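Visitor: return atomic coordinates for the entry below.
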Amino acid sequence: MGKIWIVGAGPGAADLITVRGSRLLGAAGAILYAGSLVSAAALQWASPGCEIADSKGMELDEITSWLMERAARHETVVRLQTGDPSLYGALAEMAAPLDRAGIPVGIVPGVSSAMAAAAAAGETLTLPEVTQTVILTRVAGRTPMPERESLERLASHGCSLCVFLSIAQIEAVCAALRAAGWGEAAPILVVEKATWPGEERILRGTLADIAVRCRAAGIDRQAMILASPALGARAWSTRAASRLYAADFTHGFRTT
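Guide: The predicted structure follows:
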């Protein structure tokens, strides 16, 4: 019996997969990739003769059955997922039947679209004396949210928010931010298909107009919403400096 690896392909650009992930693709005898979200360009790392299938039309039982059958024939089998497998990737329900079958499972992290979106726009999600906390969340859709994790409650902290899988409900996102006390001038960033060659779009606005801007641009899927008091900090005339690099800040590798 071979080993099944659940690998994060990263946000879109093929070369943002990890070195470990690309090496596993090269060693795999079979690869099942999430074609609705993972760029086919990531498959360039696969070896000639590798069995490759797209799971976009499969249900969970079909996915796990496919992986089990290939693990009986190949030493290395890869399930290639978008972003990072630990975020909105159905990791537990996919791995549980493999565990019950006694098939070894490995997980390779990937670059999240949240980090890719911030990088694409040249933004930081943490800033001294402004925000030191980042919340990764979503709004309820066909998948419900625990009541204690409503966006309004989370947004009340006033920290950086990375809102996944919610661009189709951008009006609801804005309503939650308003209810949490965010002002109309609060900067909001939307990045569609972050790092996808030729497809990435970056849209900046405020709480007052971001929903209208998204609708006008036709952005309604595969987009990350970033709301943060740190957005735009590079252009500020003054900002608190990090203590880490201050001349009087000593640590194990630098003394005054």
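
Visitor: show me where the stretch 101-250 of the chain has strands.
Guide: Ranges of strands in the stretch 101-250 of the chain, per DSSP state E, counting those that start in this stretch, are 105-108, 134-138, 160-164, 187-192, 201-206, 223-227.

Visitor: would you mind getting the angle between the third one and strand 223-227?
Guide: Between strand 160-164 and strand 223-227, the angle comes out at 160 degrees (axes from the mean of the first three to the mean of the last three C-alpha atoms, to 10 degrees).

Visitor: one step back: for the strands of the stretch 101-250 of the chain, which one sits closest to Ala240?
Guide: strand 160-164 (15.7 Å; C-beta to C-beta). All C-beta atoms are positioned from the backbone trio N, CA, C, and that covers glycine.

Visitor: alpha carbons only: can I get the closest one in CSV?
Guide: Output in CSV follows, covering the C-alpha atoms of strand 160-164 (Å, rounded to 0.1, in the frame of the first residue of the first chain):
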residue,chain,number,x,y,z
SER,A,160,-7.2,42.4,10.0
LEU,A,161,-9.8,40.2,8.4
CYS,A,162,-9.3,37.8,5.5
VAL,A,163,-12.7,36.8,4.3
PHE,A,164,-12.8,33.7,2.1
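
Visitor: next one: it to chain centre, how far?
Guide: Put simply, strand 160-164 sits 10 Å off its chain's centre (C-alpha atoms, centre = their mean, to the nearest Å).

Visitor: cool, stretch 82-93 as well?
Guide: Mean-position distance between stretch 82-93 and its chain equals 9 Å (C-alpha atoms, centre = their mean).

Visitor: can you pull the buried residues of it?
Guide: Neighbour counts using 16 or more other C-beta atoms under 10 Å place 82-85, 87-89, 91 of stretch 82-93 among the buried residues.

Visitor: likewise stretch 9-18?
Guide: 9-14, 16-18.

Visitor: ok, for Thr124, nearest residue in space, not its chain neighbours?
Guide: Among residues not flanking Thr124 along the chain, Ala230 sits closest, at 5.6 Å (C-beta to C-beta, 6 or more residues apart in numbering).

Visitor: kindly apply the preceding question to Val190 instead.
Guide: Among residues not flanking Val190 along the chain, Leu203 sits closest, at 4.4 Å (C-beta to C-beta, 6+ apart).

Visitor: ok, that neighbour - contacts?
Guide: Going by C-beta atoms under 8 Å, 6 or more residues apart in numbering, Leu203 touches 189-192, 210, 213-214, 217, 219.

Visitor: what residues does the top helix by length along the chain touch?
Guide: If you go by DSSP state H, the chain has its longest helix at helix 60-71. Helix 60-71 is contacted by residues 1-4, 29-30, 32, 51, 53, 55, 58, 77, 79, 90, 93-94, 97-98, 101, 103 when judged by C-beta under 8 Å, 6+ apart.

Visitor: of the strands of the stretch 101-250 of the chain, which stretch is the most buried?
Guide: The highest average neighbour count among these, using mean count of other C-beta atoms under 10 Å, belongs to strand 223-227 at a mean of 26.

Visitor: adjacent strands (with direction) for it?
Guide: Partners of strand 223-227 in the sheet, by DSSP bridges, are strand 160-164 (antiparallel), strand 187-192 (antiparallel).
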